[in-house]
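Trainee: I need the structure of the sequence given here:
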Amino acid sequence: MYFLSNILFLMVFAVAPLCAQVLEYEKRLDEVAERGAHAMPFDLEKTMHFFSKTRHGGIQQVIAKDASDTEQIQRIRDHLMEISVEFRQGDFSKPEQIHGEDMPGLAALKSAGPDQISIEYRELPVGAQINYFSRSPQLIEAIHQWFDAQLHDHARHAIPGLQHDHNHGMHHE
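Mentor: As a prediction, the model looks like this:
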């Protein structure tokens, strides 16, 4: 009996920190969703984010779960168009507002010159996407880190996209 009680004690001792981490992660997801509701005009429950890493950067897509929800589709398009313009100007304040100043990859993206990263908006049938392209290995890594952080923070509303080896219509010299 002594042996079983020790095992039970050790199991509780080992599991308690894990439970605390899960609760902390759930709290973080709730906080990000709350801040996101103020920065993103579309409903997170009615949309899905996809983050696809590419060899030269990545593709961020937001789509409506219901193809007939024209209101959400327009809100997605308006938001992604707006932030693509801001990002091209080096303004990443919206992701910073949602995820925090220390978001992985964000500092490098904010400091990138306009000739170091290409950011292109494109409409999709049920949403929109932003393509990120760079020739700089450091900025490509920053985009990948930034995508990973968004996947982590938007876990309920985001999934990794497919890995791509091509540029999906990106126009570059």
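
Trainee: what residue ranges in the protein score low on pLDDT?
Mentor: 1-39, 99, 154, 162-173 (pLDDT under 70).

Trainee: What residues does Tyr132 make contact with?
Mentor: The contact partners of Tyr132, taken as Cβ atoms under 8 Å, 6 or more residues apart in numbering, are Gly57, Gly58, Ile59, Gln60, Ile117, Ser118, Ile119, Ile143. Heads up, the C-betas are built off the backbone N, CA and C, glycines and all.

Trainee: now Arg122
Mentor: Ala128, Gln129, Ile130, Asn131, Gly169.

Trainee: With Ile140 instead?
Mentor: Contacts of Ile140 by Cβ under 8 Å, 6+ apart are Arg55, His56, Gly57, Ser134.

Trainee: Likewise for Gly161?
Mentor: Shown in contact with Gly161 (Cβ under 8 Å, 6+ apart): Phe50, Phe51, Ser52, Ile59, Gln61.

Trainee: How about the secondary structure of the second one?
Mentor: When states are read from DSSP: H, G, I helix; E, B strand; the rest coil, the local structure at Phe51 comes out as strand.

Trainee: any idea how far it lies from Asp43?
Mentor: Distance, Phe51 to Asp43, by Cβ to Cβ, to the nearest Å: 19 Å.

Trainee: just Gln97 next, same as before
Mentor: 18 Å.

Trainee: who's more crowded, those two?
Mentor: Asp43 (16 against 13; other Cβ atoms under 10 Å).

Trainee: need the strands for the chain, in chain order.
Mentor: For the chain, applying DSSP state E gives strands covering 47-54, 57-64, 118-124, 127-133, 158-160.

Trainee: still on that earlier bit, kindly give a single ChimeraX line that selects the buried subset of the contacts of Gly161.
Mentor: The ChimeraX command for the buried members of those (criterion: 16 or more other Cβ atoms under 10 Å) is given here:
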select :50,51,52,59,61
